[in-house]
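Peer 1: A predicted structure for the sequence below; I have some questions about it.
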Amino acid sequence: MSLPGTAARFPSFRHGIHPAGHKESTAGLAIEHLPLFSHYLLPLGQHIGAPSVPVVSVGDGVIRGQLLAEPGGFVSTGLHAPVTGHVSHIGPRRHPNGHLVPAIEIRADPFADDRPPPPSPTHAAGMDLGDFVKFVQKGGMVGMGGAAFPTHVKYALPPGRRIRRLVVNGAECEPYLSADHRLMLERPEAILRGTAIVAEQLGVEAVYLGIEANKLDALDALERARCGFPDLDVLQLVPLAVKYPQGAEKMLIKAITGLVVPAGKLPLDVETVVNNVGTMAAIADLFDLGKPLLERVVTVAGSGVRRPANMLVPLGTSVRDVLEACGGISEDTSMVIMGGPMMGMPLASLDVPVLKGTSGIIALAAKDVRVSGTYGCVRCGRCLQACANFLNPSRLGRLAAVGRYQEMQKHYLMDCMECGACSYVCPSGIPLVQLFRMSKAEIRNREVAT
Amino acid sequence: MKHTAPGLVLRTAPFLKHPTDTPNLMRQVLLALLPVVVAAAAFFGMAAMLVVGASTLGALATEYAFGPSRNRGSTLHDGSALLSGILLGLTLPPSFPLWMAFLGGIVAIGLGKLVWGGLGQNLFNPALVGRAFLQAAFPTTITTWAPQGQGFLHLSSANLAAPLMQARVDTITAATPLGLMKFQHELTPLWSLLVGNSPGSIGETSSALLIVLGLWLAWRRTFDWRIPVAILVTVAVFAGILWIVNPETYPSPLFMLFSGGLLFGTLFMATDPVTSPMAPLGVWLFGVGIGVLVVLIRLWGGLPEGVMYAILLMNAATPLIDRVIQPRPFGRGKHNVLEGDAR
Amino acid sequence: MNQQQSVLPESANLGADQPSSLRLISTLGLAGLISGLCLVGIYTITLPRIEANKARTLKEAVLQVLPGSVSMEELVWNGQGLIPVEQAGEASYTESIYAAYNRDGSLVGYAIPEDGAGFQDTIRLIYGYRPDSREIVGMRVLESRETPGLGDKIYKDQAFQENFRALSVSPEVVAVKHGSKNAPNQVDCITGATISSKAVVRILRQGNQTWLERIDKSASGTTENGKLPGVPGARNGEVSVPSAEPGIESRRPALPAGSQGR
Amino acid sequence: MPSIPASSPGGGSGSQGSGVADGDWERVQAEFMKGIWKENPVFVQVLGMCPMLAVTNSAVNAMAMGAATFFVLVGSSFLVSLLRNFIPRQVRISTYIVIIATFVTVADFTLQALLPDIHRELGAFISLIVVNCLILGRQEAFASKNTVKHAVADAVGMAGGFAIALLCLGSVREILGSGSLFGVSLFGSGYEPWVIMILPPGGFIMLGLILLFFNWLKSRRAHWLQSLDKLGEGAR
């Protein structure tokens, strides 16, 4: 919970909410390595955009870091073997969202050498932007804050456009999560190195790294580490007020630069690109070590987890394995969430893999799963004060309840980023975000139909 | 170690919820009303408690009888009917016949809330609808005020009037500070307004107590602090200007603030979220409107008190305000997007 | 033809059977003519009754506000004195009062109709004034739309009516708070209907302002036996009027303007 | 004039009489009944609200207004139906208005002559019968297209329904607002009148409640019929 003063001292966007952070249990825990498990499952569509196309067949032996699937289009990335072993299955498997999706299953070789391979650096300095974009794409880079948007797409500029600002996102505003926090504390050099590579490639004039004020130790760590990067003299480390959804791209840009990204447009339209700190570190590893995206830091936390931890998890590890490495979940656990508790997805089964965008696994005991009663909207206006997009969720909710979708569009439903702030504050327990998601889907269906 | 998946709850994000819920808000207001009821009991005795009880009973019975038929009585739990009933009771004179208070409770919930579709759908504050009905139906009885200090057990014979029968007015009646101001040009001393030992409605007596409760509710964020601030500042400024221009004719702004039902109505009726605008600018407009109307009605209208009608009128204007004053969505402003790179 | 028109009136009329304008005009004209005849008929039949009703109402009111009177006469102000309405020219007056006489034919007082704004709408009333005692001796509200239960007490509340049994006009009539009447020129207001009560008092004062001086002026010229100036012998014989017969006492059949409802 | 077994465009609820005396009498009855209940001008069609709200503050006033409307509606329906083949379509509305206005004026004068007190109470609303949409509506929708017999049956039904509704409202408002019915005190002198009931807002409130009651009855009936249907299906 932020102190009232913090909001005033540090820059931020307007509106938003202050949910309890719940970060204490993991913020002090160093990143652990996970033991090797027998199976790894890699869905081909882990990111927004087209699924990757497999380049291996069942039975093939693969070594750690080997390309398993190549990009299936421009908005798509490569997929690599997180462990050494062989491909045991290619076909439909359960995605965390509940759908059956094509996936590659790898049976790990228990006797494989798990020492990291010798680094094979690639020098970014000599590349032109096109090669750089391709290299990042093949490296499997996606936004690691949770949205899993292929990173290279942000760097591929349409002709005539340029990027002036690079904003590195260390806000980590979702409660419970501390993966980015630990990464900034433990690998500040990697983050700065990745930032430097991207900044140089894009030729930006300014680099900002925004960190919420509840992680000022991370700011110190980065400040200490930056002396090793004389090129990064344009970097500004910006402490931000603790507020949700600070980590949303547009809110972060507004908080740091004061720029407002027009509704329906991209950060590119204000000549800005936003990357997560995790992505920056992964890019550094890609160029310096030749290591594509194979693993990521995942916060395992929540009242249902026996031993909360920050884990460096190879992609494709099943959630059950991760949780068991953390001592398992308590009997009264009634909900397991992949991602943060504000925007993550609930899991119906624990036998689903960790994805590139999985920033956390939160298990909540029954007492923390607040099932509030639903009452009529009392028009208290709290949702208006919460909505960082300045919408009127109350009115949208009323319209959604009676299926007046066209009118909802007129009231800018499509601007909603589904951050969940309105549902969080609603005293009447109206599932506003859920209504908006359904309405958006309905509107899209109708557009397709016509 | 447990291997089977637990019976997981599947919901959609967000999974966190602010602890305040609607019954909670209602409970906070009810809690704030408790001292008011206690003070009323101290000033007016048992009669006040009985009047509040009768109106509450009427409200609850109506909510139960005409609420949702599928799950009868389920809407009682949100506490809004209880709140409306108590609020209505507190706006009535202590010597009010109990059957009329009961009838008022029925009208408040029946015509003020249920015919609109229940909680959150009503245009007007239910308690004030009940009071407006009683004012229109029994204009004499509702403006007959009992004096204070007749002992706790004293019951006016009017209180006990048989249903549908006239309240035989006791020989002792009193005039409210506003009535004295309007018709006799007598000003009640400020001190007795603050303490509350002047005749009036059950809940509108001690200004000091109401101010404390208002501060507490604002601090708890139970209501939008802008509404009381807007109303009280408007009344103070408007009445203050008149007073400065002509202190002979017009009462001082402090008298205007602390007399009658202004504080009570401002804190407990105008702040009803259902019937007030949502966007902050709309809320300011709403409050200023009430403030202006209160002063206009009190000083130039036919009635000594105008808070009820002021709030009801602005309730009626609320949908219009909400329609006109909308938040402008992020990124849809007129400002040049490339300006602002100051930091 | 008939059948077709009845079953399909629209298409039938729109089609071949387009009536000439003459037919249209004559139909309307005929309708208007017949209607006009009907109205003239009903008017002629009902007029006497209607006038009688009005006259009776007026007489009742006048006799009520001036206790002891049995007959009345409508008077107008011609600039110098009060003269019976039949002696005044058509356009020379706009307002009138009524002089009332007792069984002996001597003057009881004057009934003054007056109106003014009440709480909701115009209050029209008539009140009896006795010049000898300089008192108002009765008041009757002829028409008002005051709030039922409150403002309508100005004619329903017996206690309020009592105020006007002997209400001195000098000094001026004033309204006082309920229960504090202590002088003959004060009117005790009705609790909860102060505005209507005050309106009544205001209307009385208005009436007094208009008429009292005129009455005094006329009275100063009045002879001892109660005769009015310019009306020699007016009080003899002519005035005792059969009470129920319409249209005799007051030549102007209507109540003052507006009394016919709205 | 031949009797025409036409469907009634105004009501549409006429039985399928085929010109036979029996069937015709049934149809007359149906035309009459629909105005009383199924198509009641106030409770179902919500017509004539102005007099409805303005003069129903006592049962006597309501009855007088009901009677005046009855006279005007039946009279003009009779005349319009009688002249329906004579009046050219182009001037029919003007002619109806003339006919209605004549009846209204007759009613006005008569009331003024016979019952001056009630006439004073009703005031302008007697003259305003002429603009009561119920009356012109019946001429245009029914009387101008049907035989005299049916038109009169329809007018009697509609005016009767209107009068009944007026009386309902007037009675309730008088009982609550004055504690009496037809001027007879019901509760003794101690009754506390509900002043609002004899004011226009009371008219609105009572009318709203009565409409609520009627809609509730209707929905209950529909519900009941539905469950009967289900029962029937189940039996099959």
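Peer 2: Sure thing, it's come through.

Peer 1: contacting residues for the closest residue to D:Ile205 other than its chain neighbours?
Peer 2: Leaving aside its chain neighbours, D:Ile205 sits nearest to B:Leu111 (6.9 Å; criterion: C-beta to C-beta, 6 or more residues apart in numbering or on different chains). C-betas here are computed from N, CA, C, even on glycine. Applying C-beta atoms under 8 Å, 6 or more residues apart in numbering or on different chains to B:Leu111 gives the contacts B:Val129, B:Phe133, D:Ile205.

Peer 1: now for the helix or strand containing B:Val237, which elements pack on it?
Peer 2: According to DSSP states H and E, B:Val237 maps onto helix B:226-245. Secondary-structure packing of helix B:226-245 (3 or more C-beta pairs under 8 Å, 6 or more residues apart in numbering or on different chains; DSSP states H and E): helix B:253-258, helix B:262-264, helix B:280-300.

Peer 1: and of the ones you listed, who's closest to chain C?
Peer 2: helix B:280-300 (12.5 Å; C-beta to the nearest C-beta).

Peer 1: ok and that closest one relative to helix B:226-245, angle-wise?
Peer 2: 40 degrees (axes from the mean of the first three to the mean of the last three C-alpha atoms, to 10 degrees).

Peer 1: by contact count, what packs against helix B:280-300?
Peer 2: helix B:226-245, helix B:307-324.

Peer 1: now render those helices as a markdown table, adding mean neighbour count and mean pLDDT.
Peer 2: A markdown table is the format used below for those (neighbours: other C-beta atoms under 10 Å in any protein chain shown; pLDDT from 0 to 100):
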| stretch | mean neighbour count | mean pLDDT |
| --- | --- | --- |
| helix B:226-245 | 19 | 95 |
| helix B:307-324 | 19 | 94 |
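
Peer 1: just so I know, which of the ones you listed lies nearest C:Ser71?
Peer 2: Closest of those to C:Ser71 is helix B:307-324, at 50.6 Å (criterion: C-beta to C-beta).

Peer 1: ok, and what's touching that closest one?
Peer 2: Counting by C-beta under 8 Å, 6+ apart, A:395, B:91, B:123-125, B:128-129, B:131-132, B:135, B:260-262, B:264-266, B:269-270, B:275-279, B:282, B:285-286, B:289-291, B:293-294, B:297, B:303 sit against helix B:307-324.

Peer 1: could you rerun that using 6 Å?
Peer 2: B:124-125, B:128, B:131, B:261-262, B:265, B:269-270, B:275, B:277-278, B:282, B:285-286, B:289-290, B:293-294, B:297 (C-beta atoms under 6 Å, 6 or more residues apart in numbering or on different chains).

Peer 1: surely D:Glu192 meets B:Ala162?
Peer 2: No - between D:Glu192 and B:Ala162 there is no contact under C-beta atoms under 6 Å: 9.7 Å.

Peer 1: dump the residue contacts of A:Gly72.
Peer 2: A:Ala50, A:Pro51, A:Ser52, A:Val53.

Peer 1: quick one, what contacts the last one?
Peer 2: A:Val53 makes contacts with A:Ala69, A:Glu70, A:Gly72, as judged by C-beta under 6 Å, 6+ apart.

Peer 1: for chain D, what is the nearest residue in chain B?
Peer 2: B:Ala136 (3.7 Å).

Peer 1: can you tell if stretch A:417-427 touches chain B?
Peer 2: Yes - for stretch A:417-427, a contact with chain B is found by C-beta under 6 Å from any C-beta of the partner chain, at A:Gly420, A:Ser423, A:Tyr424, A:Val425, A:Pro427.

Peer 1: the third one: neighbour count?
Peer 2: Residue crowding around A:Tyr424 was assessed by other C-beta atoms under 10 Å in any protein chain shown; the count is 25.

Peer 1: and the next element down the chain from the helix or strand encompassing it?
Peer 2: Using DSSP H and E, A:Tyr424 falls within helix A:421-425. Counting by DSSP H and E, the next helix or strand C-terminal to helix A:421-425 is helix A:432-449.

Peer 1: just the C-alphas of that following helix, formatted as PDB.
Peer 2: The C-alpha atoms that make up helix A:432-449 are tabulated as PDB, following Å, rounded to 0.1, in the frame of the first residue of the first chain:
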ATOM      1  CA  LEU A 432     -17.300  -5.100 -15.100                       C
ATOM      2  CA  VAL A 433     -14.200  -6.300 -16.900                       C
ATOM      3  CA  GLN A 434     -15.900  -9.600 -17.700                       C
ATOM      4  CA  LEU A 435     -18.900  -7.800 -19.200                       C
ATOM      5  CA  PHE A 436     -16.500  -5.600 -21.300                       C
ATOM      6  CA  ARG A 437     -14.600  -8.600 -22.600                       C
ATOM      7  CA  MET A 438     -17.800 -10.300 -23.600                       C
ATOM      8  CA  SER A 439     -19.100  -7.200 -25.200                       C
ATOM      9  CA  LYS A 440     -15.900  -6.700 -27.100                       C
ATOM     10  CA  ALA A 441     -16.000 -10.200 -28.300                       C
ATOM     11  CA  GLU A 442     -19.700  -9.800 -29.300                       C
ATOM     12  CA  ILE A 443     -18.900  -6.600 -31.200                       C
ATOM     13  CA  ARG A 444     -16.000  -8.300 -33.000                       C
ATOM     14  CA  ASN A 445     -18.200 -11.200 -33.900                       C
ATOM     15  CA  ARG A 446     -20.800  -8.900 -35.400                       C
ATOM     16  CA  GLU A 447     -18.200  -7.000 -37.300                       C
ATOM     17  CA  VAL A 448     -16.900 -10.300 -38.800                       C
ATOM     18  CA  ALA A 449     -20.500 -11.300 -39.600                       C
END
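
Peer 1: and the residue of the stretch 101-250 of chain B found nearest chain A, how many neighbours?
Peer 2: Ranked by C-beta to the nearest C-beta, the top residue of the stretch 101-250 of chain B for proximity to chain A is B:Gly120, at 3.4 Å. Neighbour count for B:Gly120, taken as other C-beta under 10 Å: 23.

Peer 1: and it, what does it touch?
Peer 2: B:Gly120 touches A:Gly376, A:Cys377, A:Val378, B:Val274, counting by C-beta under 6 Å, 6+ apart.

Peer 1: next: D:Ser171.
Peer 2: Residues in contact with D:Ser171 (C-beta under 6 Å, 6+ apart) are D:Ala59, D:Leu181.

Peer 1: residue numbers of the stretch 51-200 of chain B in contact with chain A?
Peer 2: B:Asp78, B:Gly118, B:Leu119, B:Gly120.

Peer 1: the strands in the stretch 251-400 of chain A, which residues?
Peer 2: A:272-276, A:295-301, A:309-314, A:333-338, A:345-346, A:360-365 (DSSP state E, counting those that start in this stretch).

Peer 1: would you put the C-alpha positions of the helix holding B:Val237 in PDB?
Peer 2: Only the C-alpha atoms of helix B:226-245 are listed here, as PDB (Å, rounded to 0.1, in the frame of the first residue of the first chain):
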ATOM      1  CA  ARG B 226     -17.200  17.100  -2.900                       C
ATOM      2  CA  ILE B 227     -20.900  17.100  -2.400                       C
ATOM      3  CA  PRO B 228     -21.100  18.500   1.100                       C
ATOM      4  CA  VAL B 229     -18.300  20.800   0.400                       C
ATOM      5  CA  ALA B 230     -20.000  22.200  -2.700                       C
ATOM      6  CA  ILE B 231     -23.300  22.600  -0.900                       C
ATOM      7  CA  LEU B 232     -22.100  24.200   2.300                       C
ATOM      8  CA  VAL B 233     -19.600  26.500   0.500                       C
ATOM      9  CA  THR B 234     -22.300  27.600  -1.900                       C
ATOM     10  CA  VAL B 235     -24.800  28.300   0.900                       C
ATOM     11  CA  ALA B 236     -22.200  30.100   2.900                       C
ATOM     12  CA  VAL B 237     -21.100  32.300   0.000                       C
ATOM     13  CA  PHE B 238     -24.600  33.000  -1.400                       C
ATOM     14  CA  ALA B 239     -26.000  33.700   2.000                       C
ATOM     15  CA  GLY B 240     -22.900  35.600   3.000                       C
ATOM     16  CA  ILE B 241     -23.100  38.000   0.000                       C
ATOM     17  CA  LEU B 242     -26.800  38.700   0.800                       C
ATOM     18  CA  TRP B 243     -25.900  39.200   4.500                       C
ATOM     19  CA  ILE B 244     -23.100  41.600   3.700                       C
ATOM     20  CA  VAL B 245     -25.400  43.500   1.300                       C
END
